[in-house]
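Asks: Model the structure of this input:
(one chain, ligands or ions: 1)
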Amino acid sequence: MPTYSYECKKCGHEFDIVQRIVDDALTDCPECKAKDELKKVIKAGDGGFALKGKGWFKTGGY
Ligand SMILES: [Zn+2]
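Replies: Numbers count the residues shown, from 1 in each chain. Have a look, this model is predicted:
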């Protein structure tokens, strides 16, 4: 299951949550209870993936 990161535009609270793809995106902040203030943060440069990519590149360049 993918992990989604959300950031609250109101209080700045950031958190990760594991959701199924079919689950609706969250809209309410669990911290300050603000409604419709969450935005989904897309982590394009995920650390684990980047490390794996480097290792693969090294192996391939042998
Ligand atoms: Zn908040």
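
Asks: pLDDT of stretch 33-53, averaged?
Replies: Taken as a whole, stretch 33-53 has a mean pLDDT of 72.

Asks: Would you agree Arg20 is in contact with Met1?
Replies: Yes - contact criterion CB atoms under 8 Å: Arg20 and Met1 qualify, at 5.8 Å. Yep, even glycine has a C-beta here, placed from its N, CA and C like the rest.

Asks: partners of the helix or strand hosting Asp16 in the sheet?
Replies: Using DSSP states H and E, Asp16 sits in strand 14-18. Sheet pairing for strand 14-18, assigned by DSSP bridges, gives strand 3-8 (antiparallel).

Asks: Tabulate the CA atom coordinates of the partner strand in PDB.
Replies: Taking Å, rounded to 0.1, in the frame of the first residue of the first chain, the C-alpha atoms of strand 3-8 are listed here in PDB:
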ATOM      1  CA  THR A   3       2.200   6.000   1.800                       C
ATOM      2  CA  TYR A   4       0.900   9.500   1.300                       C
ATOM      3  CA  SER A   5       2.200  12.600   2.900                       C
ATOM      4  CA  TYR A   6      -0.100  15.400   3.800                       C
ATOM      5  CA  GLU A   7       0.700  19.000   4.900                       C
ATOM      6  CA  CYS A   8      -1.800  21.200   6.600                       C
END
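
Asks: what about the helices in the chain?
Replies: 47-60 (DSSP state H).

Asks: got the residues of it near the ion?
Replies: 8, 10-11, 13, 29, 31-32, 34 (CB under 5 Å from the ion).

Asks: Can you flag the buried ones in those residues?
Replies: Among the residues of the chain next to the ion, those classed as buried by 16 or more other CB atoms under 10 Å are 8, 13, 29, 34.

Asks: What does the nearest residue to the last one once chain neighbours are set aside show for phi and psi?
Replies: The one in question is Ala34. Excluding the flanking residues, the one nearest Ala34 by CB to CB, 6 or more residues apart in numbering is Lys10, at 4.2 Å. Lys10 has phi and psi values of phi -90, psi -50 when expressed as degrees, to the nearest 10.

Asks: Lys10 reaches Cys32, doesn't it?
Replies: Yes - counting by CB under 8 Å, Lys10 touches Cys32, with 5.8 Å between them.
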